[in-house]
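# What follows is a protein structure lacking sequence information:
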């Protein structure tokens, strides 16, 4: 989610369109109407699924966000290693009890 705080610092009510671009591509827009000295937060849902860094532009305000692959398992140990380790332990226990 990308959010921006909008304020009307003028002396009259007014409307303004807030436009979101991600990597230069139009993603959406919302129009807000605010009374004098009123503020509100405008939020946009963004569904970036590819890993990488993305630039954001909201009416000239810029920023960025990064999408990273979700880590599975214990940090430093891939999920496959944990499963293989558990299988070895279970096999060893089964063999031990079978000989007893």
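That came in fine, so what should we check first? Since the structure is predicted, the reported quantities are computational estimates derived from the model, not experimental observations.
# next one: the helix or strand harbouring residue 90 to chain centre, how far?
Using DSSP states H and E, the element containing residue 90 is helix 79-99. Offset of helix 79-99 from its chain centre (Cα atoms, centre = their mean, to the nearest Å): 38 Å.
# Give me the buried positions along it.
Judged by neighbour count using 16 or more other Cβ atoms under 10 Å, helix 79-99 contains no buried positions. Every C-beta, even on glycine, is put in place using the N, C-alpha and C of the backbone.
# give me every residue that touches residue 69.
residue 51 (Cβ atoms under 8 Å, 6 or more residues apart in numbering).
# Looks to me like it is in a helix.
No: secondary structure of residue 69 (DSSP: H, G, I helix; E, B strand; the rest coil): coil, not part of a helix.
# For it, grab phi and psi.
For residue 69, the backbone dihedrals (degrees, to the nearest 10) come out as phi -70, psi 130.
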